[in-house]
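Colleague: Need coordinates for the following:
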Amino acid sequence: MKKLVLSTLLVLQAVFVFAQQNPALKGKVIDAKSQKPLQNVVATIQSTNQSALTDFDGNFVFQTIPTGEQVLTIKTSGYTQQTFMLEPSANGETLDLGVVVLEEDITSEQQLSLVTITENDLGDDNSGSESTSGLLQATRDTYQQAAAFNWGLARFRIRGLDNEYGVTMINGLTMNKLYDGRPQWSNWGGLNDATRNQEFTMGSGPSDYTFGSALGTQEINTRASFYRPGTRISMSGTNTNYSWRMMGTHASGMNKDGWAFVVSASRRWAEEGYFEGTDYSANSLFASVEKKINDKHSLNLTAIYAQNSRGKNSPNTKEVNDLMGIKYNSYWGWQDGKKRNSRDKDVEEPITMLSHYWKITEKTTLNTNVAFQTGKIGNSRLDYQLGNNPDPTYYKNLPSYYSNLGGYTPDQLTQIGNGFRSNSQIDWNAMYIANQNSAFAGRSVYVLYQDRTDDNQLSANSILNSSISENVSLTAGANFRKLRSHNHQNLLDLLGGQYFLDIDPFYSGNASQSDLNNPNRQVVEGDTYGYNYLLHALTFDGFTQFKFTYDKADFYLAQSFSRSEYQREGLYKNGIYANNSYGKGEKIIFENFGFKGGLTYKLNGRNYLDFNGLYQTKAPGLRNSFSNARMNNNITPDLQSESITSADASYILRAPKFKARLTGFYSKIQNATEISFFYGEGISGGDDGGDEDTFVSEIVTGIDKQNMGAELGLEYQITSTIKATAAASYGQYIYSDNAKLKTNDDALAAAGNESLTDFGTVYMKNYHQPGMPQTAASFGLEYRDPNFWWIGANVNYLANSYIDFANILRTDNFSIDNNTGDNYSGATPETVRDILKQEKFDSFTLVNLTGGKSWRISKANRNTVGFFASVNNVFDVTYKTGGFEQSRKATFPDLQADQANGTPSFGSKYFYGYGRTFFVNFYINF
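Modeller: Numbering: from 1, shown residues only. Have a look, this model is predicted:
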């Protein structure tokens, strides 16, 4: 009995001492309008990794917290974050925050308006990316919000990195395409309510789901029980890439039988978007159902269907823009009184995902997911044989062609310009007439076809999270993906004809045949023709990550390994590559690894120093692994894995009224590969210099990029209702070394010669990486009234954006005459440097206004109605978002002659951003 009493006293004494050193903290979180408790709100002590979730009654509890001044944040999706300064007492008294009131974050409506991502500057291949601005939605970090909301439409990229260097996930499964490494945002477009539960990491920081890369990670969680119960219906109007949007979402919450479900649907449409002839139609559906089997196991089924069809907008030369204006789009023409776009992009790739959540112990969880994605991506365009080029901006239709020929008076050139204005759109009727009057009865001269990619992908992963001890946690994951990608040319419309001949009219004999197994095939609508092949990919990757948490410092270490296996399988026996196009080609295998680590040093509860570093190798995507996949099985010569090195260092201040982050960053990407296709003159590789046009695939290998700069984010709560924000980014994003260039010329192969021509070095060192502002700054003010209305304004400066230069023009072929081995006449180092100077776009300033209001319509419930409105680019500033040099004139004398009269026939083509645009959203929550 004495032993029992002594033991009890010792235990009570230990508990008492422990409580003195680590006082407890508790509180209750409620909705400001409904006064109802909020479940699954995250409370975090910033100087530690300690977090607590609110329960069904809105309560949260910390059994222990460190002594000394601490900062507590309370946040959840759709509400404004609350920050508290804590000063735990030394006598061990429990800190009771009482009731914490969270207000609806009306600014989250801005995320809904971000769907107005412009898609004008995308290529015509079936690439995954719909945005070059990195992460689609911002976190609460001031800098990231500015980068997404204020700078995103100007093509700003965080740290100058393409989004293939970030990882986007749904339930831990990677959504980056194996084709090009980029996510296809359209796969869940229009489902903003359903994809709001997100977690982000910046740069190479630690993630609870994946190893990541240099840009960061974005995790979208669709677990049904994580959604706030209720129904939301909204209606929006805008004048960007669509005009109208309707959306409805309902979340049930977890019921007493252990079931929870979420459904969401939306429709977006426009007869014509901001640019001429850009129609838009998108329908999206989402469902998530969770069954809680017991306290340890839950199953969740997610289904996502997002169908999107939109008309593209053409890039244009300065000559065309001067004649027609920057909204001009050459891709459309009138047909039966309606505008018909010849370049539609269609995306329809539904996803089904099954997730298992296993709470093994109180400190260890295992999440396993299996997903299947199928569907199609198609890009339409016109094809023609024995007819004139139907493109109204074909160079022979423009005044510059005749001006460069010489012999035309200014009046005659003016008349040619007027003639172009009168015939500036695609003439659909003329193509129908040409097909009906074809020299070969029933044979179409013009058709509309689609470059199609039909993917079937199986994905699976498991993610283990475990608290090994009070200070050490482990995250480990394994991922598997298997892809079968069918790529082919699909005939959409014969345009009044009866059939189309499956040949290449630019060649004769066997070389003209797309498929020697079925020569001279007559194809009809719905048939495959031209090219037809499969891409197979099998990938595996795994990672481990250890995080260590102590009073003064946190640090982490992570490592990864991946294996990628690619193979092309030709379904056509191409006439030019008869021996290397049909059947399965050689397999390509890449094995890659990565290491990263970081340290956060806590100066005190408010001030932190943060350091991160990464080194990894990365397999090239399918797109760059085959030099001419449409025609043959050839693997890209000199193909290597990329090497990625990145580091950043930050000072972070987190105080209740003032938050700041200053970061310096550096990244280096080595051995990248890029493949492009174009017509060129003077690049056939023959002894005569090759003045004729030739269609080539350009293969650039050994590309090295260096990105370095600084980021700044500031947020100051001036009063309880007025907040000021500022953000800035200054970067230097360059090519840090020269690269190597080869071309694959089908014409050479058709003539029985070697198709590859080695052009040697591309002199690109110190050229700027194109298509993004390298300098950006933003300042904003926001007023938030206690009566639930707010208004904000921000001004943004963007500069140092450069054109995408033509690689072939930066080789010796440009300045050296192949016939003599000497420089072309006049091609001195000075004149070559001057004519090849990379174009820098003008800087510009954009002003944006935002505002909103919500009303509580029922005191008993959380029923609210409200609206959000924004006006972007208030002063209607005209600015370029990107552009590229044409590679047609590939030698010094040809380019010089083309530019002699000041208006080249093959000048650079440009993309422009939106002028003044608006977005208005009305919604009701109940």
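
Colleague: CA atoms only: put stretch 448-468 into CSV for me.
Modeller: C-alpha atoms of stretch 448-468 as CSV (Å, rounded to 0.1, in the frame of the first residue of the first chain):
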residue,chain,number,x,y,z
LEU,A,448,-10.1,20.0,-91.1
TYR,A,449,-8.2,17.5,-88.9
GLN,A,450,-7.2,17.1,-85.3
ASP,A,451,-3.9,16.2,-83.7
ARG,A,452,-5.1,13.7,-81.2
THR,A,453,-3.7,12.2,-78.0
ASP,A,454,-5.8,9.5,-76.4
ASP,A,455,-4.2,8.5,-73.0
ASN,A,456,-4.9,5.6,-70.7
GLN,A,457,-2.9,6.0,-67.4
LEU,A,458,-2.9,3.9,-64.3
SER,A,459,-1.4,5.5,-61.2
ALA,A,460,-0.9,4.2,-57.6
ASN,A,461,0.9,5.4,-54.5
SER,A,462,1.3,5.0,-50.8
ILE,A,463,2.4,7.7,-48.4
LEU,A,464,3.5,6.9,-44.8
ASN,A,465,3.6,9.6,-42.1
SER,A,466,5.0,8.7,-38.7
SER,A,467,6.1,10.6,-35.6
ILE,A,468,9.0,8.5,-34.6
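
Colleague: Can you give me the buried ones in it?
Modeller: For stretch 448-468, the neighbour count (16 or more other C-beta atoms under 10 Å) marks 448-455, 457, 459-465, 467 as buried. Every residue, glycine included, has its C-beta placed from N, CA and C.

Colleague: And stretch 426-444, by the same measure?
Modeller: By 16+ other C-beta under 10 Å, the buried positions in stretch 426-444 come out as 426, 428, 431, 432, 434, 435, 438, 443, 444.

Colleague: if we can go back for a sec, show only the entries of the buried residues of stretch 448-468 found in strands.
Modeller: Counting by DSSP state E, the part of those found in strands is 448-455, 457, 459-465, 467.

Colleague: related to what we said a few turns ago, which two in the buried residues of stretch 426-444 are spaced the farthest apart?
Modeller: Among the buried residues of stretch 426-444, the pair separated by the greatest distance (C-beta to C-beta) is 426 and 443, at 20.7 Å.

Colleague: picking up where we left off before, of the buried residues of stretch 426-444, the lowest pLDDT goes to which?
Modeller: Among the buried residues of stretch 426-444, residue 438 has the lowest pLDDT, at 88.

Colleague: tell me the contacts of it?
Modeller: Neighbour list for residue 438: 386, 444, 445, 497 [criterion: C-beta atoms under 8 Å, 6 or more residues apart in numbering].

Colleague: what stretches of the stretch 651-800 of the chain score poorly on pLDDT?
Modeller: 682, 684-693 (pLDDT under 70).

Colleague: the strands in it, which residues?
Modeller: Taking DSSP state E, counting those that start in this stretch as the test, the strands found in the stretch 651-800 of the chain are 658-681, 693-717, 722-735, 739-745, 756-762, 775-785, 789-799.

Colleague: if we can go back for a sec, let me know the closest of the contacts of residue 438 to residue 900.
Modeller: residue 386 (33.6 Å).

Colleague: where does the nearest residue to the closest one once chain neighbours are set aside land on pLDDT?
Modeller: Using C-beta to C-beta, 6 or more residues apart in numbering and skipping the chain neighbours, the partner closest in space to residue 386 is residue 445 (5.4 Å). As predicted, residue 445 sits at a pLDDT of 96.

Colleague: cool, and the one 3 residues further on?
Modeller: In the prediction, the pLDDT value recorded for residue 448 is 98.

Colleague: Distance of it relative to residue 278?
Modeller: Shown here: residue 448 relative to residue 278, a distance of 17 Å by C-beta to C-beta, to the nearest Å.

Colleague: Kindly report the same for residue 592.
Modeller: 40 Å.
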